[in-house]
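S.K.: Sequence unavailable; structure follows:
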């Protein structure tokens with residue numbers, strides 16, 4: 001059973017910073033890309049950031065220059081560092097990972113439960 005557990009969300013004022021963490025646990029043979037999506041009320045889920053096994057990153061245009069994504073493969077953890085937060089960053093943030101749980105299994109997308117980020121004064 002693979003689990004992804006996010007932490008680090010909360011309430012922050014505009015211009016503030018937060019760091020989200022997502023720890024992967026369980027039966028994991030191989031992890032490919034990892035990343036973060038977010039979903040604001042009334043909107044569809046959107047990709048925020050993605051990091052490949054080689055460390056290459058992709059960021060949504062709306063967060064470039066403000067957010068960074070990183071991974072620690074020794075700890076099976078992916079991070080999202082968020083600076084200069086804006087009210088429009090308010091959303092539930094979901095961690096995801098492309099995981100092969102066993103050597104004989106297929107690669108699949110796994111998701112965390114989400115963590116709320118609220119940017120408000």
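M.R.: Now that the structure is in, tell me what you want to look at. Worth saying up front: this structure is predicted, and the values here are computed from it rather than measured.
S.K.: contacts, neighbours, all on C-alpha from now
M.R.: Will do.
S.K.: in this structure, which residue is closest to the centre?
M.R.: residue 36 (2.7 Å; Cα atoms, centre = their mean).
S.K.: show me the contacts for residue 118.
M.R.: Residue 118 makes contact with 9, 10, 11, 12, 87, 89, 90, 91 under the criterion Cα atoms under 8 Å, 6 or more residues apart in numbering.
S.K.: Can you say which helix or strand has it in it?
M.R.: Taking DSSP states H and E as the criterion, the element that holds residue 118 is strand 115-119.
S.K.: So for the residue sitting furthest away from the middle of the chain, what pLDDT did the model give?
M.R.: The C-alpha centroid of the chain is most remote from residue 104, which lies 26.7 Å away (Cα atoms, centre = their mean). Looking at residue 104, its pLDDT is 89.
S.K.: mind checking how far it is from residue 24?
M.R.: Distance from residue 104 to residue 24, counting by Cα to Cα, to the nearest Å: 20 Å.
S.K.: give me phi/psi at residue 88?
M.R.: phi -70, psi -10 (degrees, to the nearest 10).
S.K.: helix/strand/coil for the residue farthest from the centre of the chain?
M.R.: coil (DSSP: H, G, I helix; E, B strand; the rest coil).
S.K.: So what sits opposite residue 108 in the bridge?
M.R.: Listed by DSSP bridges, the beta-bridge partners for residue 108 are residue 99.
S.K.: No further questions, thank you.
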